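Asks: Okay, sequence plus prediction incoming.
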Amino acid sequence: MMKRLVLLLACALLPVSFAFAQGAPRADIETSQTFGPYTVHYSLFPSTFLSAEVATAYEIVRAADRAVLNISVRRDTGDGNDRAQTAVVTGKYSDLIQSKSLTFREIREEGAIYYIAQFRHSDRETLRFDISVQPDPNAPARTITFTREMHVQK
């Protein structure tokens with residue numbers, strides 16, 4: 001169990017976000033946004049970054065043309081700490097022609113909550129992501145929008 005958590009965290013915290021320049025990750029890409037006491041972290045990574053064991057455990061298909069979008073929400077507790085926060089997460093991604101919905105699954109492990117969605121993409125395809133995150137059911141959802149150039153892993 002801990003092995004899966006460590007591997008998932010490692011992938012989630014990569015600044016990769018799939019904007020590779022000659023195969024190297026870019027460090028200048030925003031990977032979180034703060035809304036009041038909530039910070040939403042988001043990352044994209046190739047499904048092949050996960051070991052076969054972890055991918056099987058999370059029912060993720062490992063393939064060169066598949067990526068995983070990982071969303072996590074942390075709430076500032078006011079004492080300099082934060083804690084994992086549940087949220088309603090929905091979203092879609094689009095290219096210049098069509099838009100497709102993302103289906104997020106919640107994963108809970110040892111004090112961490114993740115929302116992951118897997119999707120297919122083409123090589124050198126620029127995708128726009130529109131993600132709606134609502135950590136407080138009494139407040140409106142917040143939208144995070146970003147674009148990434150996707151690459152098929154070779």
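Replies: Thanks, I have the structure now.

Asks: next structured bit after the helix or strand of the chain with the lowest mean pLDDT?
Replies: Least confident helix or strand of the chain, by mean pLDDT, DSSP states H and E, is helix 2-12 with a mean of 45. Counting by DSSP states H and E, the element after helix 2-12 in chain order, helix or strand, is strand 32-35.

Asks: Can you name the element that comes right after that next one?
Replies: Assigned by DSSP H and E, the successor of strand 32-35 is strand 38-46.

Asks: Which secondary structure elements does the helix or strand that that following strand is followed by sit against?
Replies: The first helix or strand that comes after strand 38-46 along the chain, using DSSP H and E, is helix 52-57. Here helix 52-57 touches helix 2-12, going by 3 or more CB pairs under 8 Å, 6 or more residues apart in numbering; DSSP states H and E. Where C-beta positions appear, they are placed from N, C-alpha and C, glycine not excepted.

Asks: For the closest residue to Gln153 other than its chain neighbours, give me phi and psi.
Replies: Nearest non-adjacent residue to Gln153, counting by CB to CB, 6 or more residues apart in numbering: Ala64, 4.4 Å away. Backbone geometry at Ala64, expressed as degrees, to the nearest 10, gives phi -60, psi -30.
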